[in-house]
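Asker: Kindly generate the corresponding structure for this input.
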Amino acid sequence: MNCSVWHEDATFALISIWGDSKIQDGFDGTRRNASTYATIQNRLKQLGYHFQVRQVINKCKSLRKQYHMIKEEHKKTGSGPMHWLYFNKMDAVFCKERERKKKVASPPAVATNSEVSSAVAGLGSSNFTETDAVSECSGMYLS
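Answerer: Sure, this is the predicted structure:
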């Protein structure tokens, strides 16, 4: 049986699934997210909510639009707080998304040859080489 109306419990289930890190990783920043939405639809189906993939996509877009509208309203001075039943859950989803994007966008730390030489000199062992120092410092690469 297909659902035609998004009741509160189905919407909360959708938001919870949407916030899952594995689901978030499936969104690649392009419009080609059909398989991720199909995964969301299947997980909803496992919970007893039978929506079409197009309904899931439309609901996600609608929730995202409402969330961003309220977020913008909160930034305006003099505007009273807007209350929306799903705001806190949506805020948690988008906070996770922002953190995930920051991790992807942050390049690894890069050590220069002089920094590695200084680190090696500070160790005081003549048997310890620059290569050893680099392998000891995870995330540092010679430039």
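
Asker: In this protein, where's the longest helix?
Answerer: Longest helix of the chain, by residue count under DSSP state H: helix 53-75.

Asker: so what does that helix touch, helix or strand wise?
Answerer: For helix 53-75, the elements it packs on are helix 8-19, helix 34-46, helix 87-105, judged by 3 or more CB pairs under 8 Å, 6 or more residues apart in numbering; DSSP states H and E. C-beta: built from backbone N, CA, C; applies to glycine.

Asker: Touching that helix from outside, list them.
Answerer: The set of residues external to helix 53-75 that reach it, using CB atoms under 8 Å, 6 or more residues apart in numbering, is 3, 6, 11, 14-15, 18, 34, 37-38, 40-41, 44, 51, 79, 81-82, 84, 86-87, 90-91, 94.

Asker: List only buried entries from the residues you listed.
Answerer: 6, 11, 14-15, 18, 37, 40-41, 44, 51, 86-87, 90, 94 (16 or more other CB atoms under 10 Å).

Asker: Including pLDDT, could those residues go into JSON lines?
Answerer: Putting these into JSON lines (pLDDT from 0 to 100) gives the following:
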{"residue": "Trp6", "pLDDT": "96"}
{"residue": "Thr11", "pLDDT": "97"}
{"residue": "Leu14", "pLDDT": "97"}
{"residue": "Ile15", "pLDDT": "96"}
{"residue": "Trp18", "pLDDT": "93"}
{"residue": "Tyr37", "pLDDT": "94"}
{"residue": "Ile40", "pLDDT": "97"}
{"residue": "Gln41", "pLDDT": "97"}
{"residue": "Leu44", "pLDDT": "97"}
{"residue": "Phe51", "pLDDT": "97"}
{"residue": "Tyr86", "pLDDT": "94"}
{"residue": "Phe87", "pLDDT": "91"}
{"residue": "Met90", "pLDDT": "93"}
{"residue": "Phe94", "pLDDT": "85"}
